[in-house]
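Enquirer: The amino acid sequence is not available; the structure is as follows:
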């Protein structure tokens, strides 16, 4: 009898000292964030058993379906840095992050991850790894914008169903070339792979730390110069830029998945796959003074993407996105 009581006491002590995600099959928000941080640490340590995987876990990295233990489980070498954004959804038992990490000892990567839990164990893991050659404006990747990590005041929150609709409306706005289809705040700023694509302060060659070539106007291809001039005249707002038609070269956006809704932070995290078939040769611009049409961006490719939408009082204020350039027709691995 004494031995039985001692075993019960030892089990109780073990449960108290165990990580929160092992204490209960249902993870609350903090539990999900802690699990993601433990996952990142396990990646750097190359130690998959350090986190609880479901027996039938599905894992993709840059759309490739591979076994746990491969990909970043081999090459991750450090981080995360100060740039860390977390969105956790206790209702759907999913958590996402966007962080700056190191790979192969000293190479910077922007890493987006989604984890889904089933009965307290990781049943889905999804990596988006954006490497140095696709990163821009490294100063924007030193630390996250405050709005993306701050809690929303209770009066600024909206129901999760409405957050879901707003996140999905962004893709409708892009494919419909109509910025009014999504509720953008006037102050909305979108960054992609670090670079500011609309809103905020427009970047100049001097302000961008990424190694990029900026050809002087007299050395620039005439057609590209025309496009650059037109883009400089496009409204610098999320709504106005889309309505102007500068994203018309996007053929289609498939596999739109709004999977993580973080009501506390006001974050909705979407996963999607952009198709660019290069069939459109000329884009007709709307409302751009002095320019009616420009050559469409040419390049046949897919771009699996992650978008973190900051939603406050029913409007999109900030967007932090990743995008991977992959061969045309590449599937996401989650169709």
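Expert: Everything's here; your move. Just so we're clear, the structure is a prediction, and the values are computed from it rather than from any experiment. Numbers count the residues shown, from 1 in each chain.

Enquirer: Quick check: chain neighbours aside, which residue is closest to residue 246?
Expert: Excluding its sequence neighbours, the residue lying closest to residue 246 (CB to CB, 6 or more residues apart in numbering) is residue 234, at 5.7 Å. C-beta: built from backbone N, CA, C; applies to glycine.

Enquirer: Please read off the pLDDT at that neighbour from the model.
Expert: Reading off the per-residue confidence, residue 234 sits at a pLDDT of 92.

Enquirer: pretty sure it contacts residue 288?
Expert: Yes - counting by CB atoms under 8 Å, a contact exists between residue 234 and residue 288, whose distance comes to 5.7 Å.

Enquirer: joint contacts of those two?
Expert: Between them, residue 234 and residue 288 share the neighbouring residues residue 244, with contact defined by CB atoms under 8 Å, 6 or more residues apart in numbering.

Enquirer: tell me which element residue 229 falls in.
Expert: Using DSSP states H and E, residue 229 sits in helix 222-233.

Enquirer: Can you list the buried residues in the helix or strand following that helix?
Expert: Proceeding C-terminally, helix 222-233 gives way to helix 238-244 as the next helix or strand, assigned by DSSP H and E. Of all the residues in helix 238-244, those buried under the rule 16 or more other CB atoms under 10 Å are 238-244.

Enquirer: which residues of the protein fall in helices?
Expert: In the chain, the segments counted as helices under DSSP state H are 2-17, 20-23, 29-45, 72-75, 160-176, 222-233, 238-244.

Enquirer: quick one: the fourth one to chain centroid distance?
Expert: The offset between the C-alpha centroid of helix 72-75 and the centroid of the whole chain comes to 20 Å, using CA atoms, centre = their mean, to the nearest Å.

Enquirer: and what of stretch 160-175?
Expert: Centroid displacement of stretch 160-175 relative to its chain, using CA atoms, centre = their mean, is 15 Å.

Enquirer: how about stretch 252-269: buried residues?
Expert: If you call a residue buried by 16+ other CB under 10 Å, then stretch 252-269 has these buried ones: 253, 257-263, 265-269.

Enquirer: do the same with stretch 107-117
Expert: Taking 16+ other CB under 10 Å as the neighbour-count basis, stretch 107-117 is seen to contain the buried residues 108-117.

Enquirer: follow-up on the earlier one: hmm, which two among the buried residues of helix 238-244 are most spread apart?
Expert: 238 and 244 (11.3 Å; CB to CB).

Enquirer: wait, residue 301 sits on residue 276?
Expert: Yes - between residue 301 and residue 276 there is a contact at 5.4 Å, judged by CB under 8 Å.

Enquirer: Of the two, give the one with the bigger neighbour count.
Expert: Neighbours were tallied for residue 301 and for residue 276 using other CB atoms under 10 Å; the higher tally belongs to residue 276 (20 against 16).

Enquirer: hang on, that one packs against residue 303?
Expert: Yes - in this structure residue 276 lies within contact range of residue 303 using CB under 8 Å: 7.0 Å.

Enquirer: and residue 116, how far is that from residue 32?
Expert: Between residue 116 and residue 32 the computed distance is 10 Å (CB to CB, to the nearest Å).

Enquirer: overlap in contacts of those two?
Expert: 93-94.

Enquirer: what about residue 141, distance to residue 110?
Expert: The spacing between residue 141 and residue 110, counted by CB to CB, is 6 Å.
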